[in-house]
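Peer 1: Mind looking at a prediction? Sequence and model below.
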Amino acid sequence: MAVTEPAPVAPPAAHEGILRRQALRESAARTYARSLPIVPVRARGMTIEGADGRRYLDCLSGAGTLALGHNHPVVLEAIRRVIDSGAPLHVLDLATPVKDAFTTELFATLPRQFADNARIQFCGPAGTDAVEAAFKLVRAATGRSELLAFTGAYHGMTAGALAASGGAPDVRVTRLPFPQDYRCPFGEGGERGADIAARWTESLLDDPKGGVPAPAGMILEPVQGEGGVNPAPDGWLRRMREITTSRSIPLIADEVQTGVGRTGTFWAVEHSGIVPDVMVLSKAIGGSLPLAVIVYRSELDVWQPGAHAGTFRGNQLAMAAGAATLAHVRENGLADRAATLGARMLASLRALSADHPSIGDVRGRGLMIGIELVDPEAAPLARTAENGAPPPPDPALAAAVQQECLHRGLIVELGGRHDAVVRLLPPLTLTDEQATAVVDRLADALRAAERSPYRRAAAGPTR
């Protein structure tokens, strides 16, 4: 079957029983299973085959975890080697050849100025565990407790990480404005909006009556993912580095989703040239298996033995898969490939906006792409000097597009403040043909969703 053809529709099968039992047994907190009612049984590269026989192009990639797609041969071989060798699979934080190889490969990919004076802490298996470790680290190193974070941020679902994310209600975190072009919080956009955001941060930190205690650290995402695919301007990132350095505030870069070539450089901070004090890494570094670490300046390494731990911090299979993934991305120039192919996809998607007023904005970096859908007939929420008055987000249309994509054999994610941003996170192994198929299927899904009666039926309090 040619990759550009819609996936064939199979008759109802056993997968319906699996989905029914899942709905009865699993928590009401389940998420992807609600909007993507499929039962994957086989997967290779970018393609997933469901229990019903249908095939899908996967632009979710485990929320960015699968840098090489599903079941890449180099990953499978690395896992098999460990299993066949008889090596222990659970070792807590003991040194092993597998761990040594992973750490060596990881440090080889990091910015040289950072790696030459760095330490690594292996954390629990998820990115949110590494975020918690980063907070604990900077608090121990500075003797302070407060944190600086940004509007629209997402850092995980554990208590501390969630507190630093955008929707937290009662926390020890000062929220700072994250610059955006399309929905600039200051109504400016562009360099002017980013400059005001930086000035606001600087003024607040230096104001003795600003109500902000000396912070233990600042955490930011070089590209906000769950927040709606908002790339941080390079100049603004450099300002944040200057502001934190001059005030002895450790800067934490959350590269859980942006790392390992996703944005067109191996690590997203490389776009701006900044060197953070702490990097939080997970998702793709485990080669599809659970692994999370923080890497940080050695001067911050004030922990006593046992100050931070985790039963599953020594996942040998994940380290082997991760080392193989890191090496494959590095040796094959997949970050550069992501930059080239991502720019091509962004251009194609932006071209669609001429015929689709419901496309408010197309943005991203590398193969981390977002399409914000809006209701062009509704009154604008706020005026932006550079971009006019953006219409309000249209989460109902985004949900309809996601379902129409699924009907056409394309898996996409939604994000942003109102879940109105269609997110694309294809693997870095994406081919030219698959990239064209993704754009074609998405365009077709958008046309179908715009013709559907969703808008009047779904309009409600989210507007």
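Peer 2: Cool, the structure landed. Numbers count the residues shown, from 1 in each chain.
Peer 1: tell me the pLDDT at the nearest residue to residue 204 once chain neighbours are set aside?
Peer 2: Nearest non-adjacent residue to residue 204, counting by CB to CB, 6 or more residues apart in numbering: residue 210, 4.8 Å away. Any C-beta I mention is one placed from the backbone N, CA and C, and that applies to glycine too. For residue 210, the pLDDT comes out at 85.
Peer 1: again with the one 3 residues further on
Peer 2: Turning to residue 213, the model gives it a pLDDT of 88.
Peer 1: ok, how many other residues are close to it?
Peer 2: Residue 213 has 11 neighbours, counted by other CB atoms under 10 Å.
Peer 1: How about the one 10 residues further on?
Peer 2: Other residues near residue 223 come to 23 when the count uses other CB under 10 Å.
Peer 1: Show me what it is bridged to.
Peer 2: The partner list for residue 223 in beta bridges (DSSP bridges) reads residue 231.
Peer 1: Correct me if wrong: it contacts residue 233.
Peer 2: No. Residue 223 is beyond contact range of residue 233, at 10.9 Å (criterion: CB atoms under 8 Å).
Peer 1: Could you list the paired strands of the strand or helix carrying residue 253 along with their orientation?
Peer 2: Under the criterion of DSSP states H and E, residue 253 resides in strand 251-254. Pairing partners of strand 251-254, with direction, according to DSSP bridges: strand 217-220 (parallel), strand 278-281 (parallel).
Peer 1: Can you check which of those gets nearest to residue 86?
Peer 2: Among the strands paired with strand 251-254, the nearest to residue 86 by CB to CB is strand 278-281 (28.8 Å).
Peer 1: Given the following helix or strand past that closest one, what are its sheet partners and their directions?
Peer 2: The helix or strand immediately downstream of strand 278-281 is strand 293-297, counting by DSSP H and E. With DSSP bridges as the test, strand 293-297 is paired with strand 118-122 (antiparallel), strand 278-281 (antiparallel).
Peer 1: who touches strand 293-297?
Peer 2: 106-107, 110, 114-115, 117-123, 130, 133-134, 137, 250, 277-282, 285 (CB atoms under 8 Å, 6 or more residues apart in numbering).
Peer 1: Can you find the helix or strand in this structure with the smallest mean pLDDT?
Peer 2: Here the helix or strand of the chain ranked lowest by mean pLDDT, DSSP states H and E is helix 454-458, holding a mean of 50.
Peer 1: just to revisit the earlier point, ok, the residue nearest to residue 204 - how many residues close by?
Peer 2: 11.
Peer 1: Can you say which helix or strand has it in it?
Peer 2: Judged by DSSP H and E, residue 210 forms part of no helix or strand.
Peer 1: Strands along the stretch 301-450 of the chain, start to end?
Peer 2: For the stretch 301-450 of the chain, the strands defined by DSSP state E, counting those that start in this stretch cover 359-365, 368-373, 410-411, 413-415, 421-424.
Peer 1: Which of those sits closest to residue 261?
Peer 2: The nearest among the strands of the stretch 301-450 of the chain, by CB to CB, is strand 368-373 at 10.3 Å.
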